Every structure is written in structure tokens, then in C-alpha cells.
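> Can you look at this prediction? I've put the sequence above it.
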Amino acid sequence: MTNPGMDEDVFEAFIEQLKRFVRERLVPAEEQTIADNQVPDDIVAEMREMGLFGITMPIEYGGAGMNVSQYIETMRQLSWATPAFRSLVSINVGMTCTSILKQGTEEQKSEWLPRLANGAIAAFALTEPDSGSDSAALKTRAIKDGDDYVLTGTKRYITNAPFADLVLVMARTNPEKLPKNAHISSFLVPADTPGVTIGKPDAKMGQQGAQIADVILEEVRVPASALLGGEEGKGFVAAMQSLDNGRLSVAAASAGYAARALESGLRYAMERKAFGEPIAQFQLIQAMLADSKAEIYAAECMIADATRRADAGERISLEASCAKMFASEMCGRVVDRVVQIHGGAGYLKEYDAERFFRDARLYRIYEGTTQIQQLVIAKNMIRDFAASA
Ligand code: COS
């Protein structure tokens, strides 16, 4: 059955309000966010007030009950502004909410979803120093001890770790690799649990304001009720389901940011004169503008199709990977052209093109590199072919 999500009229009014908020509040706050490497407190408070941290949580848990299409459209609109703003809410409303909703027990949903919808911040701790793309090789251990589990290990590049109230930790409940990666389980770990240390935020190429850091777990004792779903072995599937969702969010972020960059390229091309006329009149500039526009439109169409299928209840691993791969690579091409349109000015910090170029680079890496998306796509093609043969 198709998930109708939020009432369509209410959603449209919300998007209009969001567009104004993005242009009137977030874009002017970009400079400070980048300089401080942190979203300003008053902006976080306004984002909470708008309900942005709870858009996907069902209404009975204090959220807005958006379906996938609506949530992803919200992420696309938010991504007109510098990436830090989407980054702050996306782990709550995307990956963490998906894991808890799909795999959590009723008690876990009632305990965590209302808090997250209210603006408690979540981090999703899958990646480790020795396991990035090969998630199932993670080393963090969770050992059963009476009614508790004791977690030990290090998680790396964890978005929002410095601000997190809750860390969803993927850990091994079995030292051996089990079929379908059933050696992995997920744990809901409050960030203030004794033994949890957050490392210094990593210095990055771009996306200032979105912070990442290590999460170090030293004999962190949590009750068995922290085990997601109350059953060992569900952590990998939960992570992959969350990643399907997270990949759509990165696709939307790429499409939204590419549109912002293209607008700045178009404006510059209309204002900047060469040989006595605006450079937008030159066909080689027009080719860059047109290719960018067409590619953004293609990404938007892919995202719309994938999210519609997700709302119809289909498994969309292949479509999410196609959309993430295409949109993030496309965003890289668009920001590169926008630098080119700016010419020498495109290389200067004074213009936005330079930071668009640095910020966009991450979209091709996180939530699975382009190469991982290729693996997922091909794997699904082969499986579907074998099943239909
Ligand atoms: N939905 C539901 N179940 C899923 C699933 C999904 N999206 N993906 C996997 N599963 C389950 C299935 O049961 C699957 O078995 P079948 O394929 O027989 O149905 C099982 O998990 C094992 O999956 P798979 O065979 O794909 O596991 P691999 O160890 O081969 O996974 C990849 C390899 C590379 C796909 C995976 O490790 C991955 O996505 N890595 C990238 C991680 C990443 O994106 N990190 C970014 C940072 S985290 S924010």
C-alpha cells in the first residue's frame, strides 16, 4: 500500500515556508556557520521549532509523518543552503529514524522517536578505522554480560558526533562472520553513557559547520534493552535499509546544491561582460549552462521515481544507488562548470563557486562511494536476472 504521508496541502505550505526560511535565514547564516564551523544556536533553535528534526517520525511519536517523497523533497530544498544544515537533521530523520522504525521494538520507538523528533541529535556509527566500504568487517565488539552488553571499539568519521545525544552503534555480537552478516547488531547508546568519548572534530576540505569525529567506546555498558529490535543479528540489515534512505538524501542534497551553484553561475554569466556583452551570450558558456540544467533535471526525475517506488513499498536499493551515484557525480560536474564560468574569479575565496566546488566533493564519497553504488547496482541486477531466469 502506498504511504500517503503528510496531507499534500499541508506539505505544500510547509515547502513554501521552508523555501523562505532557507533563503531568508539559512543563506545569510552561511558565512557565520562556515567561520565558526558550527550551525549558530539561534538557527538550530529555529530549525527545531519548524519541526525539521522530526519530519519523518510518525505523528503518534511526535513527528510530522512525512513519506519518503516528502522527506527527500524537504532535504532537496534545504540543500539550497550550505550542506551543514541538512547534515544536522538528516541523521535524525533519515538513517536513525529508519533503523528504529524498521527494526526497533515498540519500547525503543516510544523512548527515542519523540526525543529525536523534538531535536535530540543522533549519530549513526557504522564506519571504523579499518572498515569503511566493507561495513561487515567492523571490529567493535558487543559482549553479553548478564543483562547487559559491553561495547568496545572505535567509530570513525561520525557525522554529528560532537553534538550527539544518541549514537546508534553497529557492533559485532559474534566474533565470526555469519551468513548475511548476522554477526552485526545495532545498539542505541546515549552519548553520555560512561565509557563513550567523542574525539576532536576532524578538519575537512569543505562542508564547514557539519562536524565529524571519532566515537571511542571503552567498555561501555548498556542494558540489553539497548539492543535494536531486542534480537542479535539485525544490525547489518538495519544499516543497509538506513543507507538506502540515506543515499536518497545525498542524491537530493546533490541535486539541491547543484541547482544553487548553477544559479550562481547563471547570475555571474549574465553580469560579467567580455568582448562587449554578457558572457551568457556566448555559445560555449551556454553549453555549460544547458548541460548542467539537463543533468540536474535528470537527477530530480530519478529521485522522484525512486522515492515514489519507496512509498509504494518496493525495495529500492538499486534505484537509491543509481540516484546517489548519478546525482553526486552530476553535482561534481556542475560545480566544476560553475568555477569555469567564473574564470579566474572561480578560484578566489571571494566568490561562492570555490566553496561549492569543495563542498560538493564529499557527495561522491559518503553514504557509500560511487564505486560502492556501482557494486550495489550490479549486484541487484545479477540477483534479479538469476531470479527471473
Ligand atoms: N535492505 C534489506 N536487506 C538488505 C539490504 C537492504 N538494502 N542490503 C543487504 N540486505 C541483507 C540481505 O539479507 C542480504 O542478503 P541477500 O542479498 O541474500 O538478500 C544481506 O543483508 C547481505 O547483504 P550483502 O550481500 O549486500 O552484504 P555485503 O557484505 O556483500 O555488502 C556492501 C556489501 C558493499 C553492499 C555493503 O557493505 C555496503 O553498502 N558498504 C558501504 C557502506 C557505506 O555506504 N558506508 C557509508 C558510511 S555509513 S553512514
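Done, it's in.

> Show me what from the protein comes close to the ligand.
Counting by CB under 6 Å from any ligand atom, the chain comes close to the ligand at 124, 126-127, 133-136, 180-181, 236-237, 240-241, 243-244, 315, 317, 366-368, 372, 375-376. The C-beta positions use only the backbone N, C-alpha and C, and glycine is treated the same way.

> In strands only, show me these.
Using DSSP state E, the subset of these located in strands is residue 124.

> quick one: the nearest residue to residue 269 once chain neighbours are set aside from residue 273, how far?
In space, and not counting its chain neighbours, residue 269 is closest to residue 280: 3.8 Å by CB to CB, 6 or more residues apart in numbering. Distance of residue 280 to residue 273, given as CB to CB, to the nearest Å: 10 Å.

> now residue 216
Taking CB to CB as the measure, residue 216 falls 56 Å from residue 273.

> who's more crowded, these two?
Neighbours per residue, other CB atoms under 10 Å: of residue 216 and residue 273, the larger number sits with residue 216, 17 against 11.

> surely the more buried one meets residue 197?
Yes. Between residue 216 and residue 197 there is a contact under CB atoms under 8 Å: 4.4 Å.

> Overlap in contacts, those two.
Overlap of the contact sets of residue 216 and residue 197 (by CB atoms under 8 Å, 6 or more residues apart in numbering) is empty.

> before we move on, the earlier item: list only those of the residues of the chain next to the ligand flagged as buried.
By neighbour count, with 16 or more other CB atoms under 10 Å, the residues of the chain next to the ligand hold 124, 126-127, 135-136, 181, 236-237, 240-241, 243-244, 317, 366-368, 372, 376 as buried.

> Which of the residues you listed fall within helices?
Among these, DSSP state H puts 236-237, 240-241, 243-244, 317, 372, 376 in helices.

> next structured bit after the helix or strand of the chain with the lowest mean pLDDT?
Lowest by mean pLDDT, DSSP states H and E among the helices and strands of the chain is helix 97-103, with a mean of 93. Downstream of helix 97-103, the next assigned helix or strand under DSSP states H and E is helix 106-117.

> who touches that following helix?
Here helix 106-117 makes contact (CB under 8 Å, 6+ apart) with 51, 53-54, 57-58, 61-63, 92, 96-97, 100-101, 104, 122, 165-166, 188, 225, 228-229.

> ditto for stretch 287-304
Taking CB under 8 Å, 6+ apart as the rule, stretch 287-304 contacts 69, 72, 76, 248, 251-252, 254-255, 258-259, 262, 265-266, 269, 280, 319, 322-323, 326-327, 330, 333-334, 337-338, 340-341.

> For residue 358, list the residues it contacts.
Neighbour list for residue 358: 205-207 [criterion: CB under 8 Å, 6+ apart].

> Quickly find the element holding it.
Taking DSSP H and E as the criterion, the element that holds residue 358 is helix 352-360.

> And for residue 276, the neighbour number?
By other CB under 10 Å, the residues close to residue 276 number 6.

> Check the spacing between it and residue 269 real quick.
Distance from residue 276 to residue 269, counting by CB to CB: 15 Å.

> quick one, helices of the stretch 1-150 of the chain?
Taking DSSP state H, counting those that start in this stretch as the criterion, the stretch 1-150 of the chain contains helices spanning 8-21, 27-36, 41-49, 68-78, 84-90, 97-103, 106-117.

> The stretch 201-350 of the chain too?
Taking DSSP H, counting those that start in this stretch, the helices of the stretch 201-350 of the chain run over residues 235-271, 283-311, 317-342.

> Mind putting those helices into JSON lines with distance to residue 15 and mean pLDDT?
Formatted as JSON lines, these follow (distance: least, CB to CB, whole Å; pLDDT from 0 to 100):
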{"stretch": "helix 235-271", "distance to residue 15": "12", "mean pLDDT": "96"}
{"stretch": "helix 283-311", "distance to residue 15": "14", "mean pLDDT": "98"}
{"stretch": "helix 317-342", "distance to residue 15": "19", "mean pLDDT": "98"}
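
> What does residue 155 show for phi and psi?
Dihedral pair for residue 155: phi -110, psi 140, per degrees, to the nearest 10.

> in terms of contact, does it touch residue 215 like I think?
Yes. Contact criterion CB under 8 Å: residue 155 and residue 215 qualify, at 4.2 Å.

> No more questions from me, cheers.
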